[in-house]
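J.: No letters, just coordinates:
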């Protein structure tokens, strides 16, 4: 009996192994998403937004007379699974272009694979500078922000409006540290004085010991770099200890990202960030986008959802312009092209393949984003 | 396989090996490129799973940090190919050396602890290695971004050069690599040293009375297993053209234990089968079902409850304690 079971299991896996789908006369979008693992929540937004973009395109008649179809693959926050899935989508599903997942390391490992098969990738979530920097390649584009895009105008604005003496507090791991390096670079260029930095361990609960040191240093601006629960606890204690009375508060966009803005309550009020998108952006295109997204998912769109939506739309526009789904032609059409979406108008850099983005200075008021002004 | 063949004559064993190798050799002709790639990955990981079997199945030492050796091997190969010299042989040597040195260090420091305490120490060392590389974002290792853009080298075999950019070629190289690794490990476990390891597993306290040094036997097994894990990680990096912190992570250390238990520990070939099953299943199930981790978990639970000796245990002769 048990032997029979084992044999049956092997037969089933052999059948699964040989299972292949066929592509018809349509444009197929491969969406690789970290649907299980750490980034599950924002990866669901990625998939929702990609599906929403494709539905809208199909409703208005498709692209080049062809309907679009999405194939979603779970890369499970794993680099090796991500590259496997990319090859499956390209070789077996014959997708026309790919929207890769959140994890920068997975995207970086996928880039040479996409290049080898000459398949276009529009990065809509991964942030690493390397993607459009030292590791850039012909087929990879990004319509999402890297660290520098928001930090540069934010520093310029802060220098003009908040002060010249800065103190950085952040969680002690790779992302906050590399983000701090970017800020430090721009602050030094702008002639600011960085009077101190403090790094607390991930998951820290008591920030009071750090506050004494910060108060004693008398900075004009406290710049906070962390995300998730760390940001929520830091903001509540900053408020409790009344740091805002002695200095201005600024943060990286992730400090008050859409997934934790509710958890902040009113604690984050007064904090100033720079970001390329928040759902309260006051343009007619954005209002329609937010309305449709809300109707579809019962959630407000984050910048990840926006970016995934715009990424698909932008590639569709390039396919239309190229008159073909041929990767070389679409790459040509994308390079230097402009696209106007809910977030605003943007241009794809023909060399780095990094899209320009309008960045807005945003202040948190009553637990909501208030867009103050455009910063670049 | 070892147990299946014990008692039968050598011709039958050789014939069996020849048939298995022949089937493996012609398999890629029936597979699409994606499935070939999946097969290469599975075969490379099978050596990793087998290396764990040396310590877990034969010496009876549980370790929760085996991925550290796999990952270090991967990074060693990545550094060799990308920065030093594009030779897969030198990469393998460096990988085996680095992993063996790390295993020697971890082994010597932790071997006094037994059972779960040793397992926790290996976990702690693996985490240290993971953290160090994860935070090395300003170094050539790339930190959490991984070491990407590792070139695929040619494989020099005397006067011949094999182009590893072809998946089919890499497949055959991977089969040869796995088969040779299996033969070496089989020799080790069939040697007197292998018997000492089995003795330690069965009754650690009695082995010293026979005049053998338990501590050094265990460390030696640990180092050999570490070296093979390193070779496997190096091949993985050469094939996938990246080295990532994922290869060092606790999750992989856990996954390789699952591979071994599903296949059947103490058999060498069982863990190899387990690795192939898990790798293929994971990739294919996750395409069709959202809850793929639950399915794999359920299979694991079912195997542990209903087939405590793994898949291979079902086909082995019932020769021990039954």
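T.: Nice, I can see it. Quick caveat: nothing in here was measured; it's all calculated off a predicted structure.
J.: Secondary structure element holding residue 232?
T.: Let's take chain A. Counting by DSSP states H and E, the element that carries residue A:232 is helix A:228-240.
J.: Oops, wrong one, chain B.
T.: According to DSSP H and E, residue B:232 maps onto helix B:214-240.
J.: For chain B, what is the nearest residue in the stretch 151-300 of chain A?
T.: In the stretch 151-300 of chain A, no residue comes nearer to chain B than residue A:174, which is 4.7 Å away by Cβ to the nearest Cβ. Just so you know, the C-beta spots here come from the backbone N, C-alpha and C atoms, and that holds for glycine as well.
J.: quick one, what contacts the one residue sitting closest to the centre of chain B?
T.: Compute the mean C-alpha point of chain B, and by Cα atoms, centre = their mean the closest residue is residue B:48, 0.9 Å away. Applying Cβ atoms under 8 Å, 6 or more residues apart in numbering or on different chains, one finds that residue B:48 lies in contact with B:66, B:70, B:228, B:229, B:232, B:233, B:236, B:256, B:275.
J.: Check which element follows the helix or strand containing it along the chain.
T.: Following DSSP H and E, the helix or strand that holds residue B:48 is helix B:33-53. Per DSSP H and E, the first helix or strand lying C-terminal to helix B:33-53 is helix B:67-79.
J.: who does that next one touch, helix- and strand-wise?
T.: Identification of packing neighbours for helix B:67-79 by 3 or more Cβ pairs under 8 Å, 6 or more residues apart in numbering or on different chains; DSSP states H and E yields helix B:88-110, helix B:116-134, strand B:147-148, helix B:214-240, strand B:242-243, helix B:250-263.
J.: Using CSV, lay out those together with distance to chain A and mean pLDDT.
T.: Converted to CSV, the helices and strands packed on helix B:67-79 look like this (distance: least, Cβ to the nearest Cβ, whole Å; pLDDT from 0 to 100):
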stretch, distance to chain A, mean pLDDT
helix B:88-110, 17, 95
helix B:116-134, 7, 93
strand B:147-148, 4, 91
helix B:214-240, 6, 95
strand B:242-243, 4, 94
helix B:250-263, 8, 93
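J.: and residue B:18, which of these is closest to it?
T.: Of all the helices and strands packed on helix B:67-79, it is helix B:250-263 that lies closest to residue B:18, at 22.3 Å by Cβ to Cβ.
J.: mind listing what's buried in the closest one?
T.: Going by neighbour count (16 or more other Cβ atoms under 10 Å in any protein chain shown), the buried part of helix B:250-263 is B:252, B:253, B:255, B:256, B:257, B:258, B:259, B:260, B:261, B:262, B:263.
J.: Any regions of the chain where pLDDT drops low?
T.: Reading this off chain A. When residues are selected by pLDDT under 70, those of chain A lie in A:1-2, A:5-7, A:9-24.
J.: think we crossed wires, I meant chain B
T.: Regions of chain B meeting the criterion pLDDT under 70 cover residues B:1-8, B:317-322.
J.: ok so, going back, out of the contacts of residue B:48, which one sits closest to residue A:121?
T.: Closest to residue A:121, out of all of the contacts of residue B:48 and judged by Cβ to Cβ, is residue B:236, at 22.9 Å.
J.: pretty sure the closest one is in contact with residue B:43, am I right?
T.: No: here residue B:236 does not reach residue B:43: they are 10.4 Å apart, not a contact under Cβ atoms under 8 Å.
J.: Checking residue A:270 next. Helix, strand or coil?
T.: Assigned with DSSP: H, G, I helix; E, B strand; the rest coil, residue A:270 falls in the coil class.
J.: pretty sure it contacts residue A:244?
T.: Yes: Residue A:270 sits in contact with residue A:244 when judged by Cβ under 8 Å, with a separation of 5.7 Å.
J.: Can you check which residues contact both of these two?
T.: Counting by Cβ under 8 Å, 6+ apart, no residue touches both residue A:270 and residue A:244.
J.: wait, isn't the residue of the stretch 151-300 of chain A closest to chain B in contact with residue B:134?
T.: Yes: using Cβ under 8 Å, residue A:174 and residue B:134 qualify as a contacting pair, with a distance of 6.6 Å.
J.: Phi, psi for the one residue sitting closest to the centre of chain A please.
T.: What sits nearest the mean C-alpha location of chain A, by Cα atoms, centre = their mean, is residue A:125, with 3.3 Å. With angles defined as degrees, to the nearest 10, residue A:125 shows backbone torsions of phi -140, psi -30.
J.: So which residues of chain A form strands?
T.: Counting by DSSP state E, chain A has strands at residues A:27-33, A:68-74, A:97-99, A:120-123, A:140-142, A:165-171, A:193-200, A:221-225, A:248-251, A:272-275, A:338-341, A:344-347, A:360-365, A:368-374.
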